[in-house]
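Participant: I need the structure of the sequence given here:
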Amino acid sequence: MNQLKRCAWPGKDPMYQQYHDEVWGRPVSDSQELFAKLCLDGQQAGLSWITILRKQANYEQAFLQFEPSKIALFDEGDVERLLQNPSIVRNRLKIQSIIRNARAFLALEQQGINFSDFLWAFVGHKTIVNKWQEQGQVPATSPESDAMSKALKKAGFNFVGSTICYAFMQAVGMVNDHITDCHCYAECVAAAKR
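Facilitator: Okay, the predicted model is just below:
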């Protein structure tokens, strides 16, 4: 059987490979989906993405499917309750950041700012298509992720440093960082044109 050529980072983990093949680098325009992804990327700080990916369903349950208007109502009692939940990362600052980010999301909305438009503006509303030959060429940040990080922090978000923002941009198809001989590269280029 012919082995599919893919980026090196998913390794042999089936869940990681599925995420790489079906999710990573595919353009996402739904504001709530982008919010959820940004929050999950923030949870990754200091950990590997596979740790968060394995807990994603638990996060969706714990944080009410990442519905910002519901999360924004969480109080200190909810934080304490979530700190007892072994199926998510039990870090007070990370839990509080999702609540804080939900409130920041709603504040943007109240100003008439669509979250998806706000984020996609950093890449001129179209995918940046890179042509990396190998994993080692892929950067950890970019001028666009620097700008996004700065703007998100100014808007009240946290756990949104430039490295987190760049990982987020890769995941939601704002940049195509599949290596050129990966089987997903051309599909993501095509998806970016739609």
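
Participant: Tell me where the model's unsure across the chain.
Facilitator: Across the chain, the ranges flagged by pLDDT under 70 are 1-2.

Participant: mind running it again at 50?
Facilitator: Scanning the chain for pLDDT under 50 picks out 1.

Participant: quick one: the helices in it?
Facilitator: For the chain, the helices defined by DSSP state H occupy 14-22, 31-43, 49-62, 68-71, 76-83, 92-110, 115-120, 143-154, 162-171, 185-193.

Participant: Out of those helices, which one sits most buried?
Facilitator: Among the helices of the chain, helix 162-171 has the highest mean neighbour count (mean count of other C-beta atoms under 10 Å), at a mean of 23. Just so you know, the C-beta spots here come from the backbone N, C-alpha and C atoms, and that holds for glycine as well.

Participant: And that helix, what does it pack against?
Facilitator: helix 31-43, helix 143-154 (3 or more C-beta pairs under 8 Å, 6 or more residues apart in numbering; DSSP states H and E).

Participant: Using CSV, write out the CA atom coordinates for it.
Facilitator: C-alpha atoms of helix 162-171 as CSV (Å, rounded to 0.1, in the frame of the first residue of the first chain):
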residue,chain,number,x,y,z
SER,A,162,2.4,35.7,18.8
THR,A,163,3.4,32.0,18.8
ILE,A,164,-0.1,31.0,19.9
CYS,A,165,-1.6,33.2,17.2
TYR,A,166,0.6,31.7,14.5
ALA,A,167,-0.3,28.2,15.5
PHE,A,168,-4.0,29.3,15.4
MET,A,169,-3.5,30.9,12.0
GLN,A,170,-2.0,27.6,10.7
ALA,A,171,-4.8,25.6,12.1
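
Participant: quick one: contacts of it?
Facilitator: For helix 162-171, contacts defined as C-beta atoms under 8 Å, 6 or more residues apart in numbering pick out 23-25, 37-38, 41-42, 44-45, 49, 122-123, 139-142, 144-146, 148-149, 152, 174-175, 177.

Participant: can you rerun that using 7 Å?
Facilitator: Identification of contacts with helix 162-171 by C-beta atoms under 7 Å, 6 or more residues apart in numbering yields 24-25, 37-38, 41-42, 45, 140-142, 144-146, 148-149, 175, 177.

Participant: Give me the distance from it to the chain's centre.
Facilitator: Remark: helix 162-171 is offset 6 Å from the chain centroid, using C-alpha atoms, centre = their mean, to the nearest Å.

Participant: now it and helix 143-154, what's the angle there?
Facilitator: For helix 162-171 against helix 143-154, the angle by axes from the mean of the first three to the mean of the last three C-alpha atoms, to 10 degrees is 110 degrees.

Participant: and the angle for helix 162-171 with helix 14-22?
Facilitator: Helix 162-171 and helix 14-22 meet at an angle of 70 degrees, taking the same axes, to 10 degrees as the criterion.

Participant: coming back round to it: out of the helices and strands packed on helix 162-171, the one nearest Phe115 is which?
Facilitator: Smallest distance to Phe115 across the helices and strands packed on helix 162-171 (C-beta to C-beta): 4.0 Å, for helix 31-43.
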